Structures are given as C-alpha cells and as structure tokens.
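> I would like to see how this sequence folds:
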Amino acid sequence: MARLIPVTMIAPAVVVAASFLFAPLSQFLLHLKVLGFTRLFRSIENIHGENLRIIPDTQFTEDLHYHTPSGLLFGASESDHKTRNTWFPPLTIWEEPDLIGQGGIVVIDTKTTSCTRLALYNFDGPFNTHGIDIYLPPDDPTIVYIVAVNHLPNPEYYDRSTSAKNLTIPKARSRLELFYHKIGTSEATHIRSIWHPLIRTPNDVLIKSMNEIYVTNDHYHREGSMRLIEALAWGDFAPWTDLIHLYIENPLSEVVNDTAGVTGTAAIEGLQTNNGLGYGRSLSEIMIVRAHAGKLLLAAVDEANPPKLRIDESIQLHSTLDNPSYFSDPYAAKTGRDASGYVLAGMARAIAFPNGLDPAMVWLVQPSSASEKGGQKRTRKLIFQDDGHVMRTASTAVLVAIDPDTNDGKKQAHLYVTGPLARGIVVSKIDL
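Next up is the predicted model:
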C-alpha cells in the first residue's frame, strides 16, 4: 500500500481534483467511501473471530502465500522494527539508504502457528522486503522457488555529491530476488537477482513459470505532487501504471549481472495504482488489484497476443485493497457448501494513512446463486475488521480451512492477516 497524505491536507486536494475530473457524482461518492472518508469520524467496530493472536517474529510482513501440499505460509518480513521507518520507497521513505537492514523470508506452520525465519545462503543483502510469490515445479512438490521484491537504493543517485545530484535519476533501483527452498529445511538459497528498466515501482510479483514473471508497478510517479494526484484519482483519470512481463533466460544459471538474460514487455498498460497479483480460481485466472480504486480485476493471458493480459471482470469493494488471495474450499463436498472465494485485505481509512492506527478490513467475495444483467452476482462479506490497535495496515489475508471432523462439524477457517506496518501476522478462527 502506498502512502497518501495527512488528512488535514486532503480536503483542498479533493476539491481541486473534483473541479477538473468531472466524474459522475455517484462515482465520486463511491471513491470517497473507498478511501475511507465516511469512516473518518466514526468508530471502527472490531470483527476478530475467535482466539485472535499475533505470531512472533513476523513484523512488517507485507505479503503471504499458502503452500497447500505442506500447509505452510511464506512471507517476506523485516528483521528490525526500525528499518521500515528509515527506508521504504513504496511509502516515499528515503531517510537512511545506508541502513536498510537485512529482511528475510518467514515460514508459518499453519498447524502449529509457529514461525521459522529462513537462513539465506549465498545472499548478503541488504533486503528491503515487499511483495512475494512462490512457484512449485510440477515434478517435485517438495521444492519451492521464491521470488521477492527488494527495494534497493540506486547507486547512480547516491554515489554523487548532494550538489551534483540529478533529480531525474530515481533514488531506488528495486529488483527481484530468486531463492530455492526445500520443504522441511530451515534455509533458502539465493539463485540470482533480476532487474529490468521497466521495473520502476514494483509492488507484487506472480511467477507464471520459471522463465516468466509478472510484476506490478504501483505508481508511475515515485514522489511529489503528481504522485498525490495519481493516488487520489478515480474513474479513468491517471491511468499511468503498468503491469510488466519478464522473461528470464536460463533462470537457474549463476550470473554476475542482475540484467543477464532478462527481457521485459508491458502486459497491461493504462491502470491506476495497480498493486497486488495472484492466481484466482485456476492457473488461468490472474487477480490484479487497483489499490486506491478498491477494485479486483480478473484477467487471463491474451491468447491472441501473449504474454499480454486481458481483463475479463472488475469487482468493486468499499475499501482500498492490496494483495489478493483465493480460498479454495477443500471441504465443500464434505459439508455440502462451497465457501470458496476471493480474499482481499485493505485499509478502512486509507485517506489518513499513515496516522498511527490505520484500521484494517478483510473481505470475502463469493458467487451468489442469482445473476445480474447476465453476469455473475457476488456477495461481499466483511470477515475481519480491526481499529488499528492489533492489526495496522492490512495488505494481505489468507484463509486456511479447518477440517470439520476435527472441529465439532463447524465450517471454519483460520484467517491470517498482515500488513507493511503491522507488528506481526495476526491469526484468528472465523466462521465461513
């Protein structure tokens, strides 16, 4: 989730924006709701489920992915509370580029809720964590390849004296890191780094294959007033971000240069604040989130022009959103009811972010039996909400089903919620 601006500066900016956007009133009011204007001056009700707790040593874990065969959750986490406040380009924090710190990869055992911080071999860092994805090779389910965003300072900018700095040179040179992990071990081996000039403001990643990776650029402007306009815009205004497809030749070969064998193209252009990525109901459905619009886009590879993506559907939620996940109910047949759906986390008052609390919301979007204008009608259920005292800045939520045979026949799941400024991953038991 990208930083907006303090709430005291918002009203004038919105008035100015409204004067030239000329959006329909209903669209404008919806946008105010998504950004949290309607929640600014009322209390946030806590919807927590049962046995809410914070998993230790998981601070600032922005993204999570579930490995179904092993029952493990993978995330990228900071190792020190101070580092997120000194350097984090997605929130335009540039204060101390020399003190980034060594983030890492955490693994959560969903059976015990214990956390293991993997030892990273062949990797000295620094590691400023953000989005992450995992890939399971079809021939060996015990192996996981991990791709993670790493926000690094740009040497070309910081190697110059202050008076000689060229402001057109970006402060960050963010890239991707590829790791190999064997399930059951407590380590991950760094294979290579990946960079391409089209990677500008990377937020999330999706591994299509060992040779193909999709990456979102969440902003076109890295900082300044134009970035503010980009964040506040609604409708079709400010469609400036893009989603990048990378092809990596010989991805498992050792390389010295992070650009070696990497080619990139735009898979989608003309999005506003595109953010999270993930697979939906199948490997042919790709979820894309427009963060500040509160929209989940369902896309597929354009068969006529791969690797470009084709957007097939847009689902509107009533908060900002971040990284999506899909819950596939493994006990649908046993219980006679399928609770599968899209799980989306966001902020209740994004317009005031960061304000010290930053309340969290989590939605479960499911199909309903009724249709609407020939399309699919969906239910949108708020399954978790926190006023910010326990969970701050929700960016990702994952549901892990509980076997009803071990749960007195109840249809429930454990919900894991995390965020870029959260003290740790929160877990609770909820009804489905």
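
> Contacts only, for the spatially closest residue to residue 386 that is not a sequence neighbour.
Spatially, and ignoring its direct neighbours in sequence, residue 386 is nearest to residue 360 (4.7 Å; Cβ to Cβ, 6 or more residues apart in numbering). C-beta here means a position set from N, CA and C on the backbone, and glycine is covered the same way. For residue 360, the contact set (Cβ atoms under 8 Å, 6 or more residues apart in numbering) comprises 345-348, 384-386, 388, 391-394, 417, 419.

> Centroid-nearest residue for this protein?
Nearest to the mean C-alpha position of the chain, by Cα atoms, centre = their mean, lies residue 323 at 3.0 Å.

> For beta bridges, what are the partners of that one?
When bridges are called by DSSP bridges, residue 323 pairs up with residue 396.

> ok, it - contacts?
The neighbours of residue 323, taking Cβ under 8 Å, 6+ apart as the test, are 62-64, 131, 204, 275-278, 289, 345, 395-396.

> And it, how far from residue 380?
18 Å (Cβ to Cβ, to the nearest Å).

> so which of the contacts of residue 323 comes closest to residue 70?
residue 64 (14.3 Å; Cβ to Cβ).

> ok, how many other residues are close to residue 52?
Here the neighbour count serves as a burial measure; for residue 52 (other Cβ atoms under 10 Å) it reads 17.

> Which helix or strand contains it?
Residue 52 belongs to strand 50-54 when elements are defined using DSSP states H and E.

> Pairing partners for that strand, with directions?
Using DSSP bridges, strand 50-54 pairs in its sheet with strand 426-431 (antiparallel).

> now the partner strand, how far from the chain's geometric center?
20 Å (Cα atoms, centre = their mean, to the nearest Å).

> Then stretch 180-199?
Using Cα atoms, centre = their mean, the distance from the centre of stretch 180-199 to the centre of the chain it belongs to is 18 Å.

> buried sites along it?
If you call a residue buried by 16 or more other Cβ atoms under 10 Å, then stretch 180-199 has these buried ones: 180-181, 188-196, 198-199.

> Who are the contact partners of residue 192?
Contact criterion Cβ under 8 Å, 6+ apart gives 178, 251, 253, 254, 255, 258, 260 as the residues in contact with residue 192.

> Now the first one: closest residue in space, sequence neighbours ignored.
Going back to what we said before, that points to residue 178. For residue 178, ignoring the flanking residues on the chain, the nearest one in space by Cβ to Cβ, 6+ apart is residue 191 at 4.5 Å.

> Against residue 302, how distant is the residue nearest to the centre of the chain?
Computed with Cβ to Cβ, the distance linking residue 323 and residue 302 is 23 Å.
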